[in-house]
Each structure stands twice: as structure tokens, then as C-alpha cells.
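# need coordinates for the following:
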Amino acid sequence: MDRETRLFAESHFRGLRGRLPGGVCPTLDCVDFIENPDSFSYADFFKGYLLPNVPCVFSSAFTETWGSRRHWVTPSGKPNFDYLLRNYGDVLVPVANCGVREYNSNPKEYMPLREYINYWKEYIRGDNSSPRGCLYLKDWHLCRSPFHADIFRSFSWSVNICGRKKWFFFPPGQEEALRDGHGGLPYDVTSPGILNSCPCPLPLEVTQEAGEMVFVPSGWHHQVHNLEDTISINHNWVNGCNLTNMWQFLQQELCAVQQEVGQWRDTMPDWHHHCQVIMRSCSGINFGEFYHFLKVIAERRLLILAKGRGPEVEGGEDSGPGPQQAAFDVSRIAEVLASVVAHPDFQKVDTCVFSPRPEELLQQLEEGVVATASL
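Residues are numbered from 1 along each chain as shown. The predicted structure follows:
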């Protein structure tokens, strides 16, 4: 990140004035397609897509040098089963059964990749059918993916190593029109009658070709259908642009837990503690762990500022965060941590063994913000 981009980002967040970064989304008729890596910089991506929280698709030129695109795929563009078996055949992999619905997801089991590939071959020979049903290996989708937003309201990217996918996107907030009488979201937004019976706009549709990368913004609900045999690589991440979204999501998750067990509030000892335990079992994290997440990132960014690294250089092996990125992240973490420390439910968390204490870390971050004002 360069200084101009950092100042642009800080101005963007000042302009939100407390509103959720991803809460206001421009109306989109299509998704931008980024063709040429040589004419598209990280600053372009940061300003054009991360900050406004909108999707885009990168052409296959961005991934043409990936080893997986050479080794995992046959010359005809199909999965290279022989290569995968030789290199990963004995690895245990999580496999979901798409034919069985478990709440709003699918039950999973573990099996060796060798067994799964044997099933996959059988599935192909059976004209995309098998007595075992439709199974998919986690992150290597062989079927439609249930309607969802990514974990912790993270950003994500998904690259098709081979195959094609159809994506259905709903900007943040539009999923509310799809909820049923109990507040639940549909398992499949393409089911007959779902869209026709709802007052919400139609989804934004994207067809992803082999080698292309789809950027999924924070909080965008989406569903994915594989149009043919497909292998994809996916990655989720959180940064200063969507950290507030993550914190807002965790607050909503705790509120949902508190409403569910609210009738036992006066009779359950340590009710607030139990709510945090239940929240963690449902969401994978609680308020105390979120503090430790912020702490780890904050300490790394403060260390970068203390060392006074040189200017950031885009690309290359040593392209980690430089001082401008660190300064931006410190300012965003400070704002979120201030909200965490002031939250009445966080104040009920036992922080006596936290090191540093939340208030101490917040002071360090606020001092870091002041020190980087002229950076």
C-alpha cells in the first residue's frame, strides 16, 4: 500500500461516520472483469473493490503460472486423477453428502482421497449419478453450494483450476427478503418459487471459466453451481476493510444466542459466560478469542511500525505489509478494539489473564495512530 492509497482509505472510513462498511452497496448490473495483470495494481483492487465491498472476476491470465493449473489438469482441461492419486491419494479429506440436508448444510465424513476419486470416476461413468448420491470434497466442489455468506464475514477468492461455475450473488441486506417465517434462509435460492415469491431483486449472476478468480466481498450471500467437473482453490481473509463487519457479525451472533436462552437468565449461574460458550460452539469464536485475534494482528503491525520498514513494493516474495499498510491496519484495529472494550458483554468477560490487558493494547494502538499521522 502506498501513502496515497492509505490516505484514501482513511478518508473513506471517516466518511462512513459509524455506519457498517459493507452496509451500503451500490446497485450493480454486472460484475467487473479484470483482464490484464500488468495494468491492474493492488491499489486498484483496494480502492475499486475492497473498500466499496463489491465483487469482481480476474481473468485466467492472473493464474496461468500456478503449478496446480499445470499439474492438476489434463491437456483436455479435465481433472488429472492420476496426478492427484500419486501425490495425495492417502490424504484424508472431508466429504459432504449433498443429497442429505442437515439443518441448513450437509453431513460430512472423512475418507482417503483415493476412495473419493474412485467415487468421482464412478459418478462420471454414471452420467453424473451414483448410488452413493452426490458427494463433494470440501473446497473442491462437485455440486451446488448451499446459500451462505462466508465465515466471520470474511473476504474470499475462488479460482477454478479446471471446470466452470455459476455464481448467484446477493448484496448485504438483500438476503433478508429471502428469510422464512422463522428467520431462516433458503437452502437453495434457485428452488422453484423462491425468487418468484420474494420481493427482492434478482441475484447478480456470474459464470466463472477455468483459470478465472472470483472475488467474494464481505457479507455477500451467494450460491455456487458447478457446470462441469471442477476443481477450485479458495481462500478467506480479514483485513482493515472488513474488520468492522466481522465485529458486527459477532455481536449479532451473541444477541441471537442471548435471545434463545434469555428465559434462563435469572436462574442460570454465570449466564453471560454460558452465552459466550454457546456462541463459540455455534460460530467458532467468542468475544475473548476475538480479542486475541485482534491482539496478534495488532502486535505484528506495531512491530512493523517500530522497525520502520522501507516503502512497500507490490509483488515479489517479500511483499508483506509495509509501514503504510501497517499504519492503516493499526487505525482500523484501534477503532474496532475501542468498540470491543466498551461493549457491556465484553466487560463481563474475565480478562485478568489477558496480556496485554485490552485497555493497555488499545492505548498502544492509539499512540501508534498518533505516531503515524505524518508517515
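
# could you chop this structure up by domain?
22-237, 243-371 (automatic domain parsing).

# would you map the helices across the protein?
With helices called from DSSP state H, the chain shows them at 3-16, 42-45, 67-71, 81-88, 113-125, 243-260, 271-283, 287-307, 323-342, 358-371.

# between these, which one is closest to L51.
With CB to CB, the closest approach to L51 among those belongs to helix 3-16: 5.2 Å. Using the backbone N, CA and C atoms, a C-beta is placed for each residue, glycine as well.

# what's in contact with that closest one?
Contacts with helix 3-16, where a contact means CB atoms under 8 Å, 6 or more residues apart in numbering, come from 1, 21, 43, 46-47, 51, 240-241, 324-325, 327-328, 331-332, 335, 375.

# now those residues: which count as buried?
1, 21, 43, 46-47, 51, 240-241, 324-325, 327-328, 331-332, 335 (16 or more other CB atoms under 10 Å).

# closest to L185 among those?
Closest to L185, out of all of the buried ones among the contacts of helix 3-16 and judged by CB to CB, is P21, at 22.0 Å.

# quick one: the closest residue to E289 other than its chain neighbours from Y49, how far?
Leaving aside its chain neighbours, E289 sits nearest to R280 (7.1 Å; criterion: CB to CB, 6 or more residues apart in numbering). From R280 over to Y49 the distance is 32 Å, taken as CB to CB, to the nearest Å.

# pull the contacting residues for the closest residue to L305 other than its chain neighbours.
Leaving aside its sequence neighbours, L305 sits nearest to A326 (CB to CB, 6+ apart; 5.2 Å). Residues counted as contacts of A326 (CB under 8 Å, 6+ apart) are 301-302, 304-305, 309, 372.

# Y291 too?
Shown in contact with Y291 (CB under 8 Å, 6+ apart): 337, 340, 346, 349, 351, 354, 358.

# could you tell me the least trusted of the domains of the chain?
Mean pLDDT is lowest for domain 22-237 out of those, coming in at a mean of 88.

# gap between that one and the chain center?
12 Å (CA atoms, centre = their mean, to the nearest Å).

# with stretch 346-361 instead?
The answer for stretch 346-361 is 27 Å, by CA atoms, centre = their mean.

# may I ask which of the contacts of A326 has the most neighbours?
Within the contacts of A326, R301 tops the neighbour count with 24 neighbours, counted by other CB atoms under 10 Å.

# so it touches R332, yeah?
No: applying CB atoms under 8 Å as the test, R301 and R332 come out as separate, 9.7 Å apart.

# how long is stretch 301-320 end to end?
Using CA to CA, to the nearest Å, the end-to-end distance of stretch 301-320 comes to 11 Å.

# whoops, stretch 94-110 was the one
End residues of stretch 94-110 are separated by 5 Å (CA to CA).

# how about the strands in the stretch 151-300 of the chain?
Taking DSSP state E, counting those that start in this stretch as the test, the strands found in the stretch 151-300 of the chain are 155-162, 165-170, 204-208, 213-216, 221-226, 231-237.

# make a markdown table from these and add distance to D38 and mean neighbour count to it.
Formatted as a markdown table, these follow (distance: least, CB to CB, whole Å; neighbours: other CB atoms under 10 Å):
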| stretch | distance to D38 | mean neighbour count |
| --- | --- | --- |
| strand 155-162 | 19 | 20 |
| strand 165-170 | 26 | 21 |
| strand 204-208 | 22 | 17 |
| strand 213-216 | 16 | 22 |
| strand 221-226 | 29 | 21 |
| strand 231-237 | 23 | 16 |
